[in-house]
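*Asks:* Mind folding the following:
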Amino acid sequence: MSYPPNNMPMPGGPSGMPAPGGPGGMPAPGGQPGRDDSYFTESRKGEVNELRQLLRTFGTERDKQKKRDIMKKVIAYMTLGIDVSRLFTEMMLAIETRDLVIKKMVYLFLCNYADTHPDLAQMCTNTLVKDCGNEDPMVRGLALRSLCSLRLPQMIEYTSEPLRRSLQDGHAYVRKTGVMGILKMYHLNKEEFDRAAFNDILYEMLRDPDPSVVTNCIFVLNEIQQESGGMALNRAVMLHLLNRIHEFSEFGILAVLDLIPRYIPANDEEGFQIMNLLDPVLKTANAGAVVATIRAFLSIATAIGKRPGDNRDEDCPSVDDLSKQVVERIKAPLVTLIASGSSELSYVLLKYADQLIDLCPGIFDDEYRQFYVKYSDPTHIKHSKIRILAKLANANTAPDIVAELGELVTDADETLGRIAVRSMANIALNDSGGEGAVESICRRLVDMLDLQGISHVTSEAATALAALVMRNESIKPVISAPLPRALKYINEPTGKASIIFLLGECGADITEAPYALERVIDSYDNIADASVKTALLAATVNLFFTRPPEVQQMLGRLLKKATEDMSSQDLHDRALFYYRLLRSSPDPTIAKSIISKSMAVKASQFAEDDDFELRAALMDEFNTLCTVYRCKPENFIDEENIVPFVKLPTEHPLAAAAPVVDPGVNAISDQMNGASLVDDYGTTAAPPHLASSAEVDLLGFGFDDPAPAPAPPASNSLQSLSLKTSLSLSGEDYQSKWGSIPDSEAIVISRLPMGSAPPSTEVVEGALSAFSVFTIASGELPTEFKFFLYAQEEESLGGCYFLVQAVALKHPSSLNLTIKPVGGDADPNKRKEKVDQLIELIKSALGL
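*Replies:* Predicted structure coming up:
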């Protein structure tokens, strides 16, 4: 074999490497635009050595694109499974570059061979640690991520210090990478993790100004503390996260929302305020956020709702009432998402809708048309919709729903037809269709018995009719006539057994019943299914007591064959029992009473339909795979992998002598001592629905009396001013009291500086109402906001009214106050002192 001379150029790229693309540098045929498939072609012998030669000249190569192509080739070989670890030294030298793309590929190479070549991986330690201090935050973050991804026990001593520095880095990307690095250290060496007190640091970083860092902290804390149910919670932490929820990305919002079901509100008022705070999330297009909000609402309703035996006020809504109002609120967003999402998303949302319909029957009934089957729907969507339609039937909707199901019975999809028949039968079984619905559905099912060419429909119809007869004997005259005829051509064992059962039940009304059963008895040896034989035995015995002369002889033949039949132990024992009972009873009526009672299964609900415990367990696991699989987590998750669900705090921090929950969480609790549901809108723009439930009832709870607003935080400057938490003042009274004080006696405060103009009047109203300063009227003008406010001192302290006219200028942002105290203490000095305290209270509420 001859080789070309050294000075002869090799075909393709430098050093014989194939040129990118097809022959002659043309794009490879069939290749995708923007993708060079030549990187993933099979290698030839010696190409790794050629790559080494190229890497050795890497430092002198000036063409950035050629450098990247060399690195791409190395990574491509590594991806194909070719061992390129021999290039480790050359790749280490290539790490000294300002090109982030090349640096990232080098880091990927190092991390990939760290497990299999730990000795080589240690060679890059100094370089990675050095890059962790690079001036470029992207380089610092990439280096830190790669350093933590080596996951070698001997690297822990080199990782701890860069990791600790990264948590205080000025760039959010480095900090959030450091948080994830803490998790990797935890799994690699828990002792070092505890020694470095990273758990407490993570809780402190929940106050980080960047929401992506806070999101990572939540996920890391939940995984680290999964054995105890997840990160520890208290009121300060929870309200701090809720106040910032509008800053988070959709991914971060989900992390915060998943914490709410584990949080126990301090009182009813706080629970309602959390609901109002989360209400805007229902308007998002993210289905995960909407479903997580639904779960949060339901958990709060369960926590604050009145239960049987509670000693709370009679007007306090019960858990069931709150749950119904929550489901009513989330109905429209959920139905919209079902109609507009992908098929996979719609299927999961239909499962959630089905579960909510079971929780609160009747709420979704008026939206039944949204669950009609579309021609373009995938099969699994059609099946789910049909099952749900049966649960939406009432006296008004049943005719349309039954008609829709009737159209689907003969669909080409056999399973779809079966489900349609069963759904139609469920409406009759539950008697949810109103007067006459049961008989109408029975007639439809009887007509289906004559669909000889569609065996699965006739079989399902027969099974449905058998269940209806067990529940309602009055329909026997409606279904009797076609039974003998249907017995001739129904072949499915379940359907055949159901027709035989019906012949035994309706035998008194059917002249041909004994003769139809006799033909089946004569062909007993040809029956393979034990359920058909058992049904035949029960029907014949039942018919014997109704028409003994015609049935006696064939019953004897049947008992003889059944007692000799060893194919089914149950059938044999049952036949032997009937034979001995009939033979030993001196009076046939005694045997009839015993057998009739044993066959009496009439009940308002079948045992297999009673899944109350399962539905209750699934509600606890809402927004998990349990809803999709319709089973408990222990049925598909190993016990050691199930995270316990722990609600916190067990004793609320608002109560006296609250226990220590977690050192880290209590440290941040001290730092967030002033946290409330209504933070300073100048630093955290709260949504407009932060008003207390005394002012806004977004969820439609419809309280007769407004709930008391939460008391303002205690402060040394406000201790002597105690305002009524519940107060109502009409417009006429306000004008009368305002006019009774001359303008010359009004106290005017001008140009109080504001950090920024309020986003809306609702935000200001909500912030002030939390401090018992209420709004009688407000409005927005092009250049300013106007508010007419009022408050009253407690009667025991004088009962002084404070009437306030506030003007918030937009540009520049400032606040002007005009205050008139009415009544109360006659001492002008004391009145002036209380007005000053009111001004400080308003400034505190608005964060001025």
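
*Asks:* Could you check how far Ala196 is from Met185?
*Replies:* Taking CB to CB, to the nearest Å as the measure, Ala196 falls 8 Å from Met185. Where you see a C-beta, it was placed from the backbone N, CA and C, and this is true even at glycine.

*Asks:* Give the next helix or strand downstream of the lowest-mean-pLDDT helix or strand in the chain.
*Replies:* None of the helices or strands of the chain scores lower by mean pLDDT, DSSP states H and E than helix 663-671, at a mean of 46. For helix 663-671, the succeeding helix or strand toward the C-terminus, using DSSP states H and E, is helix 731-739.

*Asks:* export the helix or strand following that following helix as PDB, just CAs?
*Replies:* Next in sequence after helix 731-739, counting helices and strands by DSSP H and E, comes strand 747-753. Once non-C-alpha atoms are left out, strand 747-753 reads as follows in PDB (Å, rounded to 0.1, in the frame of the first residue of the first chain):
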ATOM      1  CA  ILE A 747     -53.300  70.100  59.300                       C
ATOM      2  CA  VAL A 748     -51.500  70.100  55.900                       C
ATOM      3  CA  ILE A 749     -48.400  68.000  55.200                       C
ATOM      4  CA  SER A 750     -46.900  68.800  51.800                       C
ATOM      5  CA  ARG A 751     -44.500  66.900  49.500                       C
ATOM      6  CA  LEU A 752     -43.700  63.800  51.500                       C
ATOM      7  CA  PRO A 753     -41.100  62.100  49.200                       C
END
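
*Asks:* helices or strands next to strand 747-753 in the packing?
*Replies:* In this structure, strand 747-753 makes packing contacts with strand 814-822, helix 828-846, judged by 3 or more CB pairs under 8 Å, 6 or more residues apart in numbering; DSSP states H and E.

*Asks:* Throw these into CSV and include mean neighbour count and mean pLDDT, thanks.
*Replies:* What follows is the helices and strands packed on strand 747-753, written out as CSV (neighbours: other CB atoms under 10 Å; pLDDT from 0 to 100):
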stretch, mean neighbour count, mean pLDDT
strand 814-822, 19, 87
helix 828-846, 18, 82
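
*Asks:* wouldn't Ser756 be in contact with Ser813 here?
*Replies:* Yes - using CB atoms under 8 Å, Ser756 is in contact with Ser813, at 5.6 Å.

*Asks:* what about those two, which has more around it?
*Replies:* Ser813 (15 against 12; other CB atoms under 10 Å).

*Asks:* how much space between that one and Pro759?
*Replies:* The spacing between Ser813 and Pro759, counted by CB to CB, is 12 Å.

*Asks:* Serialize the helices and strands packed on strand 747-753 to TSV and add fields for distance to Asn623.
*Replies:* Converted to TSV, the helices and strands packed on strand 747-753 look like this (distance: least, CB to CB, whole Å):
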stretch	distance to Asn623
strand 814-822	43
helix 828-846	35
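
*Asks:* among the ones you listed, which is nearest Asp509?
*Replies:* Smallest distance to Asp509 across the helices and strands packed on strand 747-753 (CB to CB): 78.7 Å, for helix 828-846.

*Asks:* how near is Gln792 to Leu487?
*Replies:* Note on Gln792: its distance to Leu487, by CB to CB, is 83 Å.

*Asks:* ugh, wrong one, I meant Ile741
*Replies:* Taking CB to CB, one finds Ile741 at 94 Å from Leu487.

*Asks:* need the contact list for the spatially closest residue to Ile747 that is not a sequence neighbour.
*Replies:* Nearest residue to Ile747, sequence neighbours excluded (CB to CB, 6 or more residues apart in numbering): Ile819, at 4.6 Å. By CB atoms under 8 Å, 6 or more residues apart in numbering, the contact list for Ile819 reads Ala746, Ile747, Val748, Ile749, Phe802, Leu803, Val804, Val835, Leu838, Ile839.

*Asks:* Just the pLDDT for the second one.
*Replies:* Just to be clear, that refers to Ile747. Ile747 carries a pLDDT value of 85.

*Asks:* give the contact list for it.
*Replies:* Leu817, Thr818, Ile819, Lys820, Pro821, Lys832, Val835.

*Asks:* Who are the contact partners of the first one?
*Replies:* Under the criterion of CB under 8 Å, 6+ apart, the neighbours of Leu817 are Ile747, Val748, Ile749, Leu752, Val804, Gln805, Ala806, Ile839, Ile842.

*Asks:* could you dump the residues you listed to TSV with distance to Asp827?
*Replies:* Formatted as TSV, those follow (distance: CB to CB, whole Å):
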residue	distance to Asp827
Ile747	15
Val748	21
Ile749	21
Leu752	26
Val804	21
Gln805	24
Ala806	26
Ile839	18
Ile842	22
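
*Asks:* Pick the one among those closest to Asn134.
*Replies:* Nearest to Asn134 out of the contacts of Leu817 is Leu752 (CB to CB; 46.0 Å).
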